[in-house]
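> need a 3D model of the sequence below.
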Amino acid sequence: MVTSLKNWAGNYEYSTVNIHYPETVDQVQTLVKQHKMFRVLGTRHSFNGIADSAYDLISLAHFKPAVIISHEKNSDSPAACLNYAELCPTLQDEGFALHNLASLPHISVIGACTTATHGSGDHNQNLAAAVSALEIVTASGDLVRLARGDESFDRAVVGLGGLGVVVNLTLDLLPTFEMRQVVYEKLPVAQMEAHFDEIMSSAYSVSLLTDWQTDYIDQIWLKQRDQDYISVEQRPNLFGATPATKQKHPIANFPADQCTPQLGILGPWHERLPHFRSDGTPSAGNELQSEYFVARKDAIAAIRAIAGLRNELAQPLLLSEIRSIAADNFWMSPCYHQDSIAIHFTWKPDWQSVRKVLPMIEAKLEPFEVRPHWGKLFTMPPKRLQSLYEKLPQFQELLKQFDPQGKFRNAFLDTTLFGD
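Below is the predicted model:
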């Protein structure tokens, strides 16, 4: 008997164990018509209550995990229940790829897209940018299809689960490609600041990893397409950083066998873009996460501001990661019309310590109009958060249009989008 339901990290307990597992779109429509309030539960990777419901939850885990690929249109239509670990090998077998992936492939496709989750790369938008169409069961039980070019499309893709149950989506595809991953160590902070743009544009995807406790960036992860590959023999020094000679885990002293292959070993895109293997434990496993977005132009100033919290970060932090994300057109995306830098924090599983330092981080980053990741931990007051999204009033109206009675609302949305 299920007595409680928790998220992936174990830090959040959901308010109900009433979970429905429809197997078809028709069954979703029937459930939505019959019940008062719902939220959709994906892979439970969110660290806050964005997917919670005090009433009922819908999981699409029992949907048939179909993937329909259009070779003529370079697109695919995966069932919304799929995660990237399930989807990507199928795309690879058919000769296709996605433009980017998050650091771990265990998350659901629709969950990542509806919260504007991202990978990295100066010219790479977040994962939602691959969506070209989606089908939503709205509060009335109707099935609505939105496609790129429709008036509501850019409003709805990053929908935070508030518009209904996304049962199908269509993704743009690229021809498959191979990659090589190389890690460099101990980049002096002064060199990082002086050559930030060069470093962040030095590969298809770049991650800077630090614990803020020294005067250097601990690791730089460079994910390079094979045709653009620069070997460590060709680049033995990256502004003072030197190539790692063995496989590395992002978190110091963690075993690296759970990570995707490094050391310049050639492999397919979906086995290099994530940091962690699909068959292994992602990151630390038992952890908390926060992430904050600032405009790319403010990157160095924001990084310096966080570095000023070195002492406060020492105890609760496992790791920080700095990545770049290209601007998009999605109303509720933290990167809406803004090339951005994301500063990610992987915390020890100690919420009492984390909740003390989050307001300090948010205060340091407030001058840069910082936006938090929707699915991770933050303490920003609702009115401040609301002020950061110029299209929020129109998005509120869209929520009411799709869901007049608030069937898909919950405490998280009521607080963050409508609260004082």
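> hmm, Trp8 is touching Ala51, no?
No: checked against Cβ atoms under 8 Å, the pair Trp8 and Ala51 is beyond contact range at 11.0 Å. Glycine gets a C-beta too; all of them are placed from N, C-alpha and C.
> what is in contact with those two at once?
Taking Cβ atoms under 8 Å, 6 or more residues apart in numbering as the criterion, Trp8 and Ala51 both touch Arg44.
> okay, those two: which has more neighbours?
Neighbours per residue, other Cβ atoms under 10 Å: of Trp8 and Ala51, the larger number sits with Ala51, 25 against 20.
> from Pro175, how far out is the more buried one?
Distance of Ala51 to Pro175, computed by Cβ to Cβ, to the nearest Å: 34 Å.
> now do Ala97
According to Cβ to Cβ, Ala97 and Pro175 sit 7 Å apart.
> please say which of those two ends up with more neighbours.
Neighbours were counted for Ala97 and for Pro175 using other Cβ under 10 Å; Ala97 has more, 21 against 8.
> so the more buried one touches Asp172, yeah?
No: Ala97 lies out of contact with Asp172 (Cβ under 8 Å); the separation is 10.5 Å.
> if I pick Pro282, what's in contact with it?
Contacts for Pro282 (Cβ under 8 Å, 6+ apart) come out as Ser103, Leu104, His106, Gln258, Phe276.
> kindly report the same for Tyr204.
With contacts defined as Cβ under 8 Å, 6+ apart, Tyr204 is in contact with Gly121, Asn124, Met179, Lys223, Gln224, Arg225, Asp228.
> in strands, which of those fall?
The strands, defined by DSSP state E, take in Met179, Lys223, Gln224, Arg225 from the contacts of Tyr204.
> out of these, who's nearest Tyr14?
Distance to Tyr14 across the ones in strands among the contacts of Tyr204 (Cβ to Cβ) is lowest for Lys223, with 34.5 Å.
> what sits closest to the closest one if chain neighbours are left out?
Closest residue to Lys223 apart from its sequence neighbours, by Cβ to Cβ, 6 or more residues apart in numbering: Ser205 at 4.0 Å.
> looking at it, the one you found is touching Asn100, isn't it?
Yes: look at Ser205 against Asn100 with Cβ under 8 Å: they come within range, at 7.1 Å.
> quick check: neighbours shared by the two?
Gly119, Ser120, Gly121, Asn124, Leu273.
> quick check, nearest of these to Asp76?
Ranked by distance to Asp76 (Cβ to Cβ), those are led by Leu273 at 16.9 Å.
> report pLDDT for the closest one.
Leu273 is assigned 98 on the pLDDT scale.
> can you check Glu72 too?
The confidence metric pLDDT takes the value 77 at Glu72.
> okay, now it: neighbour count?
Neighbourhood size, Glu72 [other Cβ under 10 Å]: 6.
> and it, how far is that from Leu87?
20 Å.
> so Pro57 touches Leu41, yeah?
Rather than Pro, residue 57 is Leu. Yes: here Leu57 reaches Leu41: they are 4.5 Å apart, a contact under Cβ under 8 Å.
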